[in-house]
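Undergrad: predicted coordinates and the sequence they were generated for:
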Amino acid sequence: MGKSYRELVAWQKAMDLVTAIYRLTSAFPREEIYGLVSQMRRAAVSVPSNIAEGQGRHGVAEFRHFLRQACGSLMELETQAIIAERLGYADAKATAQILDSAAEVGKILNGLLHSLN
């Protein structure tokens, strides 16, 4: 666990996902600023934040716990992206890109979790 969290591919890809979510949600209707926009941004930010916090802890069990939290936030974000598409706030292409990116982060997180067992 000697690596900095910034060196972790999971963190780097999760940061890219945060950027994509902020860009996507910037075009959502103004009335969603405290609704779906806020929810999606919080869930997206939670993923790299939990990776970083877990890496900063001193035990493997704690790191695993925070990686699982990141996975949960990722599932939350995927669900919210689908909701946004269903409401017509995001087109199918943008949603597919978000879901693909989220799936990639999820695979990396699962690999990291398995490596810690």
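TA: Nice, thanks for sending it over.
Undergrad: can you point out the buried residues in stretch 98-117?
TA: 98, 101-102, 104-106, 108-109, 112-113 (16 or more other CB atoms under 10 Å). All C-beta atoms are positioned from the backbone trio N, CA, C, and that covers glycine.
Undergrad: contacts for it next, please.
TA: Contacts with stretch 98-117, where a contact means CB atoms under 8 Å, 6 or more residues apart in numbering, come from 8-10, 13-14, 16-17, 20-21, 24, 47, 51, 60, 63-64, 67-68, 70-71, 74, 77-78, 81-82, 90.
Undergrad: just the closest of the buried residues of stretch 98-117 to Met40, please.
TA: Of all those, Ile98 has the smallest distance to Met40: 9.1 Å, by CB to CB.
Undergrad: could you look up the SS state of that closest one?
TA: Assigned with DSSP: H, G, I helix; E, B strand; the rest coil, Ile98 falls in the helix class.
Undergrad: okay, now the unreliable bits of this protein?
TA: For the chain, applying pLDDT under 70 flags the ranges 1-2.
Undergrad: from the contact counts, what lies against the helix ranked longest in it?
TA: The single longest helix within the chain, with elements called by DSSP state H, is helix 60-86. Judged by 3 or more CB pairs under 8 Å, 6 or more residues apart in numbering; DSSP states H and E, the packing partners of helix 60-86 are helix 9-25, helix 36-56, helix 92-115.
Undergrad: and it, which residues are buried?
TA: 63-64, 66-67, 69-71, 73-74, 76-78, 80-81, 84-85.
Undergrad: what of stretch 17-35?
TA: 17-18, 20-21, 24-25, 28, 32.
Undergrad: before we move on, back to that, please state the offset of the longest helix of the chain from the chain centre?
TA: Chain-centre distance of helix 60-86: 6 Å, with CA atoms, centre = their mean, to the nearest Å.
Undergrad: now the angle from that helix to helix 9-25?
TA: 20 degrees (axes from the mean of the first three to the mean of the last three CA atoms, to 10 degrees).
Undergrad: going forward, count from 614.
TA: Fine by me, first position is 614 from now on; the one you just mentioned is helix 673-699.
Undergrad: helix 673-699 vs helix 705-728, what angle?
TA: Using the same axes, to 10 degrees: helix 673-699 against helix 705-728 is 170 degrees.
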